[in-house]
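Student: here are the coordinates; sequence isn't available:
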């Protein structure tokens, strides 16, 4: 299900909400997926307020969902 939301963000250019865990600390973040690794092990995303993309491993992602205000409707 997580990969489905990642592809949704990448293909439609929409932000999604992702919960990650890193070093035992959980973080809920909104992000825009800009690229996915060819092997499916991770992805690059742009976080709000940052100019550079960050690489996030798929192992760090606990869950993903639509960002606030987005219902996933086709326009």
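Tutor: Yes, it's here. All values derive from a computational prediction rather than experimental measurement.
Student: residue boundaries of the helices in the chain?
Tutor: For the chain, applying DSSP state H gives helices covering 2-12.
Student: can you list the weak-confidence ranges in the chain?
Tutor: 71-75 (pLDDT under 70).
Student: biggest strand in it, by residue count?
Tutor: strand 25-36 (DSSP state E).
Student: Report all helices and strands that that one contacts.
Tutor: Counting contacts by 3 or more Cβ pairs under 8 Å, 6 or more residues apart in numbering; DSSP states H and E, strand 25-36 is packed against helix 2-12, strand 16-22, strand 42-46. Every C-beta, even on glycine, is put in place using the N, C-alpha and C of the backbone.
Student: and among the ones you listed, the most buried is which?
Tutor: strand 42-46 (a mean of 20; mean count of other Cβ atoms under 10 Å).
Student: Give me the contact list for that strand.
Tutor: Residues from elsewhere that reach strand 42-46, judged by Cβ atoms under 8 Å, 6 or more residues apart in numbering: 6, 9-10, 18, 31-37, 52-58.
Student: Can you tell me which of the helices and strands packed on strand 25-36 is nearest to residue 62?
Tutor: When the helices and strands packed on strand 25-36 are compared by Cβ to Cβ, strand 16-22 sits nearest residue 62, at 4.6 Å.
Student: now for that closest one, which elements pack on it?
Tutor: Going by 3+ Cβ pairs under 8 Å, 6+ apart, strand 16-22 lies up against helix 2-12, strand 25-36, strand 61-66.
Student: Any idea how far the longest strand of the chain is from the middle of the chain?
Tutor: 4 Å (Cα atoms, centre = their mean, to the nearest Å).
Student: That one pairs with which strands, and in what direction?
Tutor: Partner strands for strand 25-36, per DSSP bridges, with pairing direction: strand 16-22 (antiparallel), strand 42-46 (antiparallel).
Student: quick check: angle from that strand to helix 2-12?
Tutor: Using axes from the mean of the first three to the mean of the last three Cα atoms, to 10 degrees, the inter-axis angle of strand 25-36 relative to helix 2-12 is 50 degrees.
Student: ok, residues contacting strand 25-36?
Tutor: Counting by Cβ under 8 Å, 6+ apart, 6-7, 9-10, 13-21, 42-48, 53, 62, 67-68 sit against strand 25-36.
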